[in-house]
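Chemist: what would the 3D arrangement of this be:
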Amino acid sequence: MDRRAFLATAAAVTAGCGQTDSATDSPSGDDGPATETQSNGGASTDTPTRTETATAAPASVAVTDVSAPSTIEIGTAGALSVTLENTGGQSGSFASTVEAKVGTGEWTTTDASVETSVGADETVTETVDLPPNHYVEPGSYRLANTEPVARTRFVARELSLGDRHLLPNGIALSFHDVEFGETYTYEGSDGEATADPVDGDKWAVGTVRAENQSDESARAPLVSDIGFFRGEEEYSFQHISDNRDRYRGGELEPGAVSEGDLPASVPVSAERADLRVEYSERLDAGQVTVYWTLGE
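Modeler: Residues are numbered from 1 along each chain as shown. Predicted structure coming up:
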């Protein structure tokens, strides 16, 4: 064979061995979809990318506010408003006792409590009944181990004729049946007697009733602690030495009652609606003040 013809044939065979099948090449500049290809018996399948699910933050319930009326009458139940906020992503529960600081005392635990649940990212308000307080003095309330404090003041109690007020020692005190007149008739040592008011005034006569509802002996208020008032002006009990109808008060056994008249000399100009009857006494534990309005 001609040497030049042999070399040309060998070069052509070598060039053919270096080529790639054009059917398997991707077009220039086209990368195709971004999927993961898995070989499965010669067939290709696309597997989706896995997505992680976020876990909600745990419940976080806190007391954000507590409030009470600015004044509460002694011997009556008050109300404490408690606001709770849950800043977590899950529902949570809350339970706490109510603490009180009354007068100059220390914080003490009461029988009142708060127990509720608060939804995720929610705020709720609960109302709690506060136990009665017997004395005229300031008071403060809070939930145990929390910072917000509600402040109030316990004030004199206003009642209508015939209503009763329970004193700290178990004496139920009430005032009834006020009448006005130029003379006062009563049972004296020698039978029925009459008395005139002082200095041309008129009589105001009502009935005081004290009942010992406790299980032990207790002292009922004396007449020196009860009187008629018009504004700040007081018209005290008028003592008549032989008056057997008068209210006496003093020591009472369990279940015993002391009842009687409270006569007072008041100005002729004093109108019924202008007057009140007030019991006020400073006891060892604090001041007690209760008054009865007489109405029209």
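Chemist: tally of neighbours for residue 245?
Modeler: Other residues within reach of residue 245 by the criterion other C-beta atoms under 10 Å amount to 17. All C-beta atoms are positioned from the backbone trio N, CA, C, and that covers glycine.
Chemist: surely it touches residue 262?
Modeler: No: using C-beta atoms under 8 Å, residue 245 makes no contact with residue 262, being 10.2 Å away.
Chemist: low-confidence stretches in the stretch 101-250 of the chain?
Modeler: Within the stretch 101-250 of the chain, not a single segment meets pLDDT under 70.
Chemist: for residue 272, give me phi and psi.
Modeler: Summarising the backbone geometry of residue 272 under the convention degrees, to the nearest 10, its torsions are phi -60, psi -40.
Chemist: now do the contacts for it.
Modeler: Contacts of residue 272 were listed using C-beta atoms under 8 Å, 6 or more residues apart in numbering, and they are 178, 180, 294, 295, 296.
Chemist: quick one: pLDDT of it?
Modeler: pLDDT for residue 272: 94.
Chemist: returning to what we had before: let's see which of the contacts of residue 272 end up in strands.
Modeler: For those, the ones inside strands are 178, 180, with DSSP state E as the criterion.
Chemist: so which of the contacts of residue 272 would you say is closest to residue 127?
Modeler: residue 295 (32.1 Å; C-beta to C-beta).
Chemist: from what I can see the closest one touches residue 275, true?
Modeler: No: applying C-beta under 8 Å, one finds residue 295 not in contact with residue 275, separated by 9.9 Å.
Chemist: which of these two has more neighbours?
Modeler: For residue 295 against residue 275, the residue with the higher neighbour count under other C-beta under 10 Å is residue 275, and the figures read 24 against 10.
Chemist: for the more buried one, list each beta-bridge partner.
Modeler: residue 230 (DSSP bridges).
Chemist: ok, it to residue 231 distance?
Modeler: Relative to residue 231, residue 275 is positioned 10 Å away (criterion: C-beta to C-beta, to the nearest Å).
Chemist: sheet partners, orientation included, of the strand or helix carrying residue 140?
Modeler: When secondary structure is defined by DSSP states H and E, residue 140 falls within strand 137-143. Each strand paired with strand 137-143, and its direction, by DSSP bridges: strand 92-102 (antiparallel), strand 150-155 (antiparallel).
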